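Peer 1: The sequence isn't on hand, but the structure is:
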C-alpha cells in the first residue's frame, strides 16, 4: 500500500490543502498481499528509497519507492514545506520460469482510508491477508492518467507510465503483460500528494522520469549528510542508522507554511505534531552533530510563539510559557516548558554562541520567571493540604495522562530548565543571574523536601534479591505504585536523576535504579512481561515500554557502570529497531516483536543515536570522557572504531581506536578542538580480555599518567591532535 495521510494538514493548512481531495486519507492498493514477500529493505545509507521483492508463480516483482518535489524532481533547487511532493513507485516484473507467464498487477484506490494503527485502527475490517479494507473509488484511465470517479467529477490520483495492457474494471484497474522466460516489463506510478488541476501541473507530473529521479534522490541525500558527526563501528547497522537519522529528521519535520525559516519538529513522520519535550531531544542530537543551524531553526519556533498557547493546569497565566508552535503544538505535557527552557540553554552551551544567546536572553528570563511566578502561588497555606506541595508548580497534567497532580517528572524537568537558565545567565554575567539562581535553588530545595516527604509515607518495595528499599512515588500524595506504565515507569522517579535534581551517587539513586531494573522495566504492568524470567531476563530486560524514549540508562553511565549501560542500550535498540526500514519505531505493541507503526519516531531515534555517541564521547560536569563505554568485543575485531566531530560542552572532539590485540597494543588518535578546558580528560581502552594497561606513549613519548584500575590514560591539560599507544 501507499497512504497519503492528511494528519499534519489538519493542524496547520498549507497553500494547497483544499486540493487534498480525500474524505480521510488516500490509500493505493496493489494486491501484494497475494504475493510471497521475499525481501524488504532500505537503500544503503543515506539514500531514502525502499524496495520490496515478491514472487508469484514464475514472476518476480520488485517494487521500488521514493519521493521528489513536483516542480523540482531533479532536487537541485529549493522548495517549501507545503510544496507538492510526488510519490514514485516502480513495479518491475521479471519472468524467472522456463515458460511464458503473465505479469499482472491489480490497482485500486480509496479516499476514505486511514493509516494502520498496529491492528487497532478505525478500518472497517481486515481480510484473511491482514489487509485493512476501505470503500474503494470507481477508477478511470485516460491518456496515462488515473482518476477517481466521484459525484463531483473526476479527481486526478496518479500518472501511469507502462507498456503493459490496461484493463479498467469499475473500482480497480488491472495491468497485464505476457512475458517470455527472462523477459522484463515495468509500471511506474506517480502519485501527487494533492489533486493536480492545471495543465502545467499535469505535464510536470507526466514528465517526471523515474530513473533520473532515482539518481537525483541518491545524490541529494549524499550531499545532505556530508557534514556532521560520524561514527565507525564493527556493527554496520548502528553505523548506518546513525548516518540515516538526519535524513529521517529532515523528511519528518516541516518548514512553517509562509515562513520556511522556521522548522516545526514533528517527532514522528506525518502523524505527529510538535511535542516540545521530544522536539528538544531531536534538537540536542542535531547540536551534538554540529548541525547548529538546523537546531536553531527548530528552537526559533518556540521563541516565535512563546506565551501564545496555555497548558492545562492550575496556572495563573501562560505569559512566558514555552509550548506554542504556530498550531503544530501537541500534547498536554506540563513538562514541555521546562524542556524548551533547558533546550535553549543547551544550544548555547554546545555552540558557545554568546551573541545568539544574548539576543534571546529576555525570552529565557521570561520563561524562568513564569516558573517562579507559578510556584510562588504555592508558597501560602492551601486548603485541605498537608503542605507537601509547598513551592511546587500548581497541579497540572502529566503526559498522555491528563489528571491534575503534583507530578515528579514535570517538576524535576521544570527545575532542570530553571537551573540551566541560571547557569547560562551566570556564564554571560547577566545582571539577573543571581536572582534566577536564588529562585532556581529555592525551587530545587522545595522539590527535594516534597519528594522526601512522599517517600517517607510510601511503603517500601521489594527487590528480586529479597531486600526492601524506599520508593519514590510518581506524584505527591500517592502511597505506593501509580496506575499504568506511563505514570510509574516512563514518568517515574528516575527523572530525579536524569534531571540532576538528585546526584547519581546518592543513596537514593541506587534505590531508584534497582527498583527500575527489578520491578519497573521487567514486570507487567509497568514493563513488558518476561516469561521464564531467570532464563531470558538478560535479553529482554533493562528498558521501558517505549524503549528509547526514557533515558534511564544515563545514570548508569554517570556511575561509570559501562556494562549495565551497554546492556540497556543494546536491548532497548534491538526491541524497536526495524531492519527492513533501517529505523526505530516508537515502541513494540502489544508485546515485544510487534510494532505500533509510528514511523519514523525521530525523537526516540535521536536519543538512541546520542546514547550511541556517548559510548565514544561523553562530557559530564568537568570531565570529558573518550571511549567510556565502548563494547569490549568491538576491540577484538581489529577494525577501526571511531567517532568524529562530536560537539560537546568543551568543543568538538574526535577519537579513533586502531586495535592490535594480537600484538598486545591499542592505538588511538584523538582530536581535541577545545573551546573550554575540562578539569579531567580520560581516554579509556576497554581491552576485550580485560587486561590492565602496562605502559603508554603519548605522541611518541612515554606517559606515566595512566590509571590501570580505570583502564584510562589521563590526557588532562592537552588539546589538539594527540596520538596515544597503550601496551599490555
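Peer 2: Yep, it's here. As the structure is a computational prediction, the values presented were derived from the model and not from experiment.
Peer 1: For the rest of this, base every contact and every neighbour count on C-alpha atoms.
Peer 2: OK.
Peer 1: Tell me where the stretch 351-500 of the chain has helices.
Peer 2: 354-376, 408-428, 433-457, 484-485, 495-498 (DSSP state H, counting those that start in this stretch).
Peer 1: out of the ones you listed, nearest to residue 269?
Peer 2: Between residue 269 and these, the shortest gap by C-alpha to C-alpha is with helix 484-485, which sits at 24.4 Å.
Peer 1: which outside residues touch the closest one?
Peer 2: 520, 525, 526, 527, 545 (C-alpha atoms under 8 Å, 6 or more residues apart in numbering).
Peer 1: same thing with stretch 314-321?
Peer 2: Residues from elsewhere that reach stretch 314-321 (C-alpha under 8 Å, 6+ apart): 306-311, 337, 363, 366-367, 369-370, 374, 394-396.
Peer 1: Buried ones in that stretch, by neighbour count?
Peer 2: 315, 318, 320, 321 (16 or more other C-alpha atoms under 10 Å).
Peer 1: same question, stretch 288-295
Peer 2: Buried residues in stretch 288-295, counting neighbours by 16+ other C-alpha under 10 Å, are found at 288, 289, 290, 291, 292, 294, 295.
Peer 1: Now do the contacts for the most far-flung residue of the chain relative to its centre.
Peer 2: Distance from the C-alpha centroid of the chain, by C-alpha atoms, centre = their mean, peaks at residue 99 (48.9 Å). Taking C-alpha under 8 Å, 6+ apart, we find residue 99 in contact with 180, 181.
Peer 1: What separation do you get for it and residue 174?
Peer 2: Per C-alpha to C-alpha, to the nearest Å, residue 99 is found 22 Å from residue 174.
Peer 1: cool, residue 565 as well?
Peer 2: 54 Å.
Peer 1: Compare these two and say which one has the larger neighbour count.
Peer 2: residue 565 (24 against 16; other C-alpha atoms under 10 Å).
Peer 1: ok, so what distance separates the more buried one from residue 615?
Peer 2: 9 Å.
Peer 1: any common contacting residues for those two?
Peer 2: Contacts common to residue 565 and residue 615, judged by C-alpha under 8 Å, 6+ apart, are residue 629.
Peer 1: picking up where we left off before, may I see the contacts of helix 484-485 organised as a markdown table, with secondary structure, neighbour count and pLDDT added?
Peer 2: Shown next, in a markdown table, are these (DSSP: H, G, I helix; E, B strand; the rest coil; neighbours: other C-alpha atoms under 10 Å; pLDDT from 0 to 100):
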| residue | secondary structure | neighbour count | pLDDT |
| --- | --- | --- | --- |
| 520 | helix | 26 | 95 |
| 525 | coil | 16 | 93 |
| 526 | coil | 23 | 95 |
| 527 | coil | 25 | 94 |
| 545 | coil | 28 | 93 |
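Peer 1: out of the residues you listed, who's nearest residue 225?
Peer 2: For the contacts of helix 484-485, the nearest to residue 225 is residue 545 (31.1 Å; C-alpha to C-alpha).
Peer 1: That closest one touches residue 528, doesn't it?
Peer 2: Yes. Contact criterion C-alpha atoms under 8 Å: residue 545 and residue 528 qualify, at 6.4 Å.
Peer 1: between these two, what contacts are shared?
Peer 2: residue 521.
Peer 1: now for the longest strand along the chain, which elements pack on it?
Peer 2: Criterion DSSP state E: the longest strand present in the chain is strand 101-113. Under the contact criterion of 3 or more C-alpha pairs under 8 Å, 6 or more residues apart in numbering; DSSP states H and E, strand 101-113 touches strand 25-29, strand 59-69, strand 85-95, strand 173-179.
Peer 1: List the neighbouring strands of it plus their orientation.
Peer 2: strand 25-29 (antiparallel), strand 173-179 (antiparallel) (DSSP bridges).
Peer 1: Beyond it, next helix or strand please.
Peer 2: strand 138-142 (DSSP states H and E).
Peer 1: rounded to a whole number, what's the mean pLDDT of that next one?
Peer 2: Across strand 138-142, the average pLDDT comes to 93.
Peer 1: Could you do stretch 670-683 as well?
Peer 2: Stretch 670-683 comes out at a mean pLDDT of 97.
Peer 1: Span of it from start to end?
Peer 2: Terminal residues of stretch 670-683 are spaced 9 Å apart (C-alpha to C-alpha).
Peer 1: Identify each buried residue in that stretch, please.
Peer 2: Buried residues in stretch 670-683 (16+ other C-alpha under 10 Å): 670, 671, 672, 673, 674, 677, 678, 680, 681, 682, 683.
Peer 1: Could you check how far it is from the centre of its chain?
Peer 2: Distance, stretch centre to chain centre, for stretch 670-683: 28 Å (C-alpha atoms, centre = their mean, to the nearest Å).
Peer 1: can you check stretch 425-441 too?
Peer 2: Per C-alpha atoms, centre = their mean, the displacement of stretch 425-441 from the mean C-alpha position of its chain is 32 Å.
Peer 1: average pLDDT across it?
Peer 2: 98.
Peer 1: Can you give me the buried ones in it?
Peer 2: Of the residues in stretch 425-441, those buried (16+ other C-alpha under 10 Å) are 425, 426, 433, 436, 437, 439, 440, 441.
Peer 1: which one of those residues sits closest to residue 90?
Peer 2: residue 425 (55.4 Å).
Peer 1: and the residue nearest to the closest one when sequence neighbours are not counted, what is it in contact with?
Peer 2: Nearest residue to residue 425, sequence neighbours excluded (C-alpha to C-alpha, 6 or more residues apart in numbering): residue 433, at 5.0 Å. Applying C-alpha under 8 Å, 6+ apart, we find residue 433 in contact with 422, 423, 425, 426.
Peer 1: repeat that for 10 Å
Peer 2: Residues in contact with residue 433 (C-alpha atoms under 10 Å, 6 or more residues apart in numbering) are 365, 421, 422, 423, 424, 425, 426, 427, 439.
Peer 1: show me the contacts for residue 600.
Peer 2: Residues in contact with residue 600 (C-alpha under 10 Å, 6+ apart) are 245, 248-249, 251-252, 266-271, 581-586.
Peer 1: how about 8 Å then?
Peer 2: Contacts of residue 600 (C-alpha under 8 Å, 6+ apart): 248, 252, 268, 269, 583, 584, 585, 586.
Peer 1: cool, residue 294 as well?
Peer 2: 283, 286.
Peer 1: for residue 704, same thing?
Peer 2: Taking C-alpha under 8 Å, 6+ apart, one finds 695, 696 in contact with residue 704.
Peer 1: What of residue 719?
Peer 2: Residue 719 neighbours (C-alpha under 8 Å, 6+ apart): 671, 672, 673, 674.
Peer 1: and if you look at residue 322?
Peer 2: Contact analysis of residue 322 by C-alpha under 8 Å, 6+ apart lists 302, 303, 305, 306, 307, 336, 337, 338, 340, 341, 367.
Peer 1: What about residue 249? Give its phi and psi, please.
Peer 2: phi -60, psi -40 (degrees, to the nearest 10).
Peer 1: Go ahead and confirm it touches residue 602.
Peer 2: Yes. Counting by C-alpha under 8 Å, residue 249 touches residue 602, with 6.0 Å between them.
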